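**Q** Need a 3D model of the sequence below.
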Amino acid sequence: VGGNNAGQLGVSDVFDRPRFTLVATFRHAPGSKRNGVDYEPNMGKQHVLSVAAGHEQSAAITDGGKLWMWGSDTYGQLGLGCAPVSPA
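**A** Model (predicted):
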């Protein structure tokens with residue numbers, strides 16, 4: 001539920017959601033992009049321990065110690081080395 005103009009909901013697009021929406025696992029997230037290139041991260045058998053949501057970014061940490069971030073990267077806050085909107 002909420003605004004998704006920067007892909008911060010993690011649903012592979014930038015459309016706002018008026019209702020709760022099931023989010024695909026990181027492993028099966030079609031449409032993910034990194035530096036403008038289709039990218040499908042392989043999470044393996046890790047489990048998400050915690051999720052944090054900001055104004056235009058979201059983050060999750062896994063039991064394997066990996067940090068996953070998605071949403072706006074206007075000021076480099078996702079750490080991708082680029083600045084475009086990056087829907088997950």
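
**Q** So for stretch 64-75, mean pLDDT?
**A** Computed over stretch 64-75, the mean pLDDT rounds to 83.

**Q** again but with stretch 10-21, I slipped
**A** The average of the pLDDT scores along stretch 10-21 is 86.

**Q** Secondary structure class of Val51, three-state.
**A** Applying DSSP: H, G, I helix; E, B strand; the rest coil to Val51 yields a three-state assignment of strand.

**Q** Could you check how far the residue lying closest to Gln8 once chain neighbours are set aside is from Asp63?
**A** Nearest non-adjacent residue to Gln8, counting by Cβ to Cβ, 6 or more residues apart in numbering: Gly71, 3.5 Å away. To be clear about C-beta, it is placed using only N, CA and C from the backbone, and glycine gets the same treatment. Using Cβ to Cβ, to the nearest Å, Gly71 is found at 22 Å from Asp63.

**Q** now the strands: where do they sit in the chain?
**A** Taking DSSP state E as the criterion, the chain contains strands spanning 33-34, 37-38, 48-53, 57-62, 67-71.

**Q** Make JSON lines from these and add distance to Val1 and mean neighbour count to it.
**A** Conversion of those to JSON lines gives the following (distance: least, Cβ to Cβ, whole Å; neighbours: other Cβ atoms under 10 Å):
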{"stretch": "strand 33-34", "distance to Val1": "24", "mean neighbour count": "17"}
{"stretch": "strand 37-38", "distance to Val1": "27", "mean neighbour count": "8"}
{"stretch": "strand 48-53", "distance to Val1": "11", "mean neighbour count": "12"}
{"stretch": "strand 57-62", "distance to Val1": "13", "mean neighbour count": "18"}
{"stretch": "strand 67-71", "distance to Val1": "15", "mean neighbour count": "20"}
